[in-house]
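Chemist: Just the structure for this:
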Amino acid sequence: MSLQLRLFGGNSDAGKLTASNDGGHAIDKSKVLASTDTSVITPLNPGSFDSVRSVPVVPAPRYFTKEEADAMKDLAKEKTDGARQSKRAYKALSKIEVADKTVHKEHRKYEGAVAENELGKIRANAGLAKKLHALRPGYARLGLGIDKADSDARTRIDAIKAKLTGGAN
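Modeler: Okay, here's the model as predicted:
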């Protein structure tokens, strides 16, 4: 398979008359409005409202031991660093989403330009077809004129032959 076909695909129906040429369409609203991924957050898929909780809530005032306090201090350092790294990761993920959206939007703009220009090309083809159909009577007149000239010439030639040969062919 050629590189061009792999990149852009092949279309064996190119140039064929299809049902869409009568003004119909095959635009499926459910496909147009479908999420790009099943896990994307949308009003129809709000996701979970879970949160992160590294330690249980302390339900009432209490005293902690030195060991508990030291362990919590170490855990706090670990969670603070984890939060900093998570913030960096989420920021990077957000940038990736923005980049993905940009590529998606630009591709859709490109597809829109292709579709719009295809209509322009088909419109030009239709215009040429109409123009050619409008020329058909002129060609028919020319053809009939040539046929008449041929017939007239044959009649005159036959008359000359008859005069020269004395009426015998």
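
Chemist: Relative to Glu118, how far out is the residue sitting nearest the centre point of the chain?
Modeler: The centre of the chain sits closest to Glu111, judged by Cα atoms, centre = their mean, with a distance of 4.3 Å. Distance of Glu111 to Glu118, given as Cβ to Cβ, to the nearest Å: 10 Å. (Glycine included, C-beta is placed from N, CA and C.)

Chemist: ok now whichever strand or helix holds Lys148, how far from the chain's centre?
Modeler: Counting by DSSP states H and E, the element that carries Lys148 is helix 66-165. Centroid displacement of helix 66-165 relative to its chain, using Cα atoms, centre = their mean, to the nearest Å, is 8 Å.

Chemist: give me the number of residues near Leu75?
Modeler: 13 (other Cβ atoms under 10 Å).

Chemist: Provide a list of residues in contact with it.
Modeler: Listed by Cβ atoms under 8 Å, 6 or more residues apart in numbering, the contact partners of Leu75 are Ser54, Val55.

Chemist: could we number from 485 for the rest of this?
Modeler: Sure, I'll start counting at 485 from here, so that last one is Leu559.

Chemist: mind checking pLDDT for Thr649?
Modeler: With respect to pLDDT, Thr649 scores 89.

Chemist: Tyr623: neighbour count?
Modeler: Tyr623 has 10 nearby residues by other Cβ under 10 Å.

Chemist: so how far is Gly629 from it?
Modeler: On the measure of Cβ to Cβ, Tyr623 and Gly629 end up 10 Å apart.

Chemist: Point out where this structure drops to low pLDDT.
Modeler: 485-505, 651-653 (pLDDT under 70).

Chemist: Phi first, then psi, for Pro543.
Modeler: The phi and psi values for Pro543, taken as degrees, to the nearest 10, are phi -70, psi -20.

Chemist: Now for it: which residues touch it?
Modeler: Here Pro543 is in contact with no residue (Cβ under 8 Å, 6+ apart).
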